[in-house]
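Asker: Show me how the following folds:
(chains A and B)
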Amino acid sequence: MNEYRWADLGPGLGAEFSAAITPAMMTAFADMSGDLNPLHIMDGFAAERGFQGRVVYGLLTSALYSRLVGMHLPGKWGVLHGIDVEFKAPAYVGDLLTVSGTVQFLNEAYRRIEIKARIVNQSGAVISKANIRAGLHDA
Amino acid sequence: MDSASIIEDLQPILADILDNPDLRLSSESNASNVEGWDSLAHINFVVAIEKLYRVKFALGELQDLKNVGDMAALIQKKVGA
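Answerer: Coordinates of the predicted model:
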């Protein structure tokens, strides 16, 4: 876990990590969210609609943005204020997703940073883009 | 740039943050008399103002503000208008 403090942060500071999407993640998210839409549960149903297989929940992949803030940028002293996410392409079970983010803007008065982030799959396709707002509570 | 035109600029910004298209700001508006203007909305508002006018606020400057009129006056001072 990174432990960036306010003084360590500046425009352009970035972080990146990768995570594989597993069947267990899908089961856990289905249990947690109660979203049992067959598009996320049944490979056959998804395939009939032109997808490669069941589609990974968009908010499951977006949970990785929480990890970006809580573990990497800024890490220990960060707290998520908000995320605007735009989904660009489906993710599938077994995908290896790479999450990256860069600090774009800092508000000194309230110790708020804004991070431009995105998730790409193993082929380089953009799965989602996000603008993330996070606070620092290191004082 | 006078105070009234600044408040006119600020109104759609705060309306969007509070998701209230009917919001009408005056110089007397503040977090006590505008519904939904909580601490997180306030941070979003200040950040949006910094971007719009390309200014930076110090925490001490913001703590002295009592209402939108004070904010407009501070913006005027910052942009040198």
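
Asker: Spell out which residues of chain A are next to chain B.
Answerer: Contact residues (C-beta under 8 Å from any C-beta of the partner chain) of chain A with chain B: A:81-82, A:105, A:107-110, A:112, A:114, A:133, A:135. Yep, even glycine has a C-beta here, placed from its N, CA and C like the rest.

Asker: let's see it at 10 Å
Answerer: Residues of chain A lying close to chain B by C-beta under 10 Å from any C-beta of the partner chain are A:81-82, A:105-112, A:114, A:133, A:135.

Asker: Determine which two of the residues you listed are furthest apart.
Answerer: Of all pairs drawn from the residues of chain A next to chain B, the greatest distance, 18.7 Å, lies between A:82 and A:108 (C-beta to C-beta).

Asker: Now do residue A:91: how many residues are near it, please.
Answerer: Per other C-beta atoms under 10 Å in any protein chain shown, the neighbour tally for residue A:91 reads 21.

Asker: ignore the last one, residue B:9
Answerer: Neighbours of residue B:9 using other C-beta under 10 Å come to 16.

Asker: all helices for chain A, in order.
Answerer: A:23-33, A:38-41, A:43-48, A:58-67 (DSSP state H).

Asker: Distance check, residue A:110 against residue A:117.
Answerer: 20 Å (C-beta to C-beta, to the nearest Å).

Asker: Comparing those two, which residue is more hemmed in?
Answerer: Neighbours were tallied for residue A:110 and for residue A:117 using other C-beta under 10 Å; the higher tally belongs to residue A:117 (25 against 18).

Asker: Quick one: residues contacting the residue lying closest to the more buried one once chain neighbours are set aside.
Answerer: Spatial nearest neighbour of residue A:117, chain neighbours left out: residue A:101 (3.6 Å); criterion: C-beta to C-beta, 6 or more residues apart in numbering or on different chains. Residue A:101 sits next to A:13-17, A:65, A:68-69, A:72-73, A:113, A:115-119, A:130-132, A:134 when contact means C-beta atoms under 10 Å, 6 or more residues apart in numbering or on different chains.

Asker: Let's see that with 7 Å instead.
Answerer: A:14-15, A:68, A:73, A:115-117, A:132 (C-beta atoms under 7 Å, 6 or more residues apart in numbering or on different chains).

Asker: So which of those sit within strands?
Answerer: Mapping these onto strands (DSSP state E) picks out A:14-15, A:115-117, A:132.

Asker: And for residue A:134, the neighbour number?
Answerer: For residue A:134, using other C-beta under 10 Å, the count is 24.

Asker: Dump the contacts of residue A:101 into JSON lines; add pLDDT as well.
Answerer: Below are these laid out as JSON lines (pLDDT from 0 to 100):
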{"residue": "A:14", "pLDDT": "97"}
{"residue": "A:15", "pLDDT": "97"}
{"residue": "A:68", "pLDDT": "98"}
{"residue": "A:73", "pLDDT": "97"}
{"residue": "A:115", "pLDDT": "97"}
{"residue": "A:116", "pLDDT": "97"}
{"residue": "A:117", "pLDDT": "98"}
{"residue": "A:132", "pLDDT": "97"}
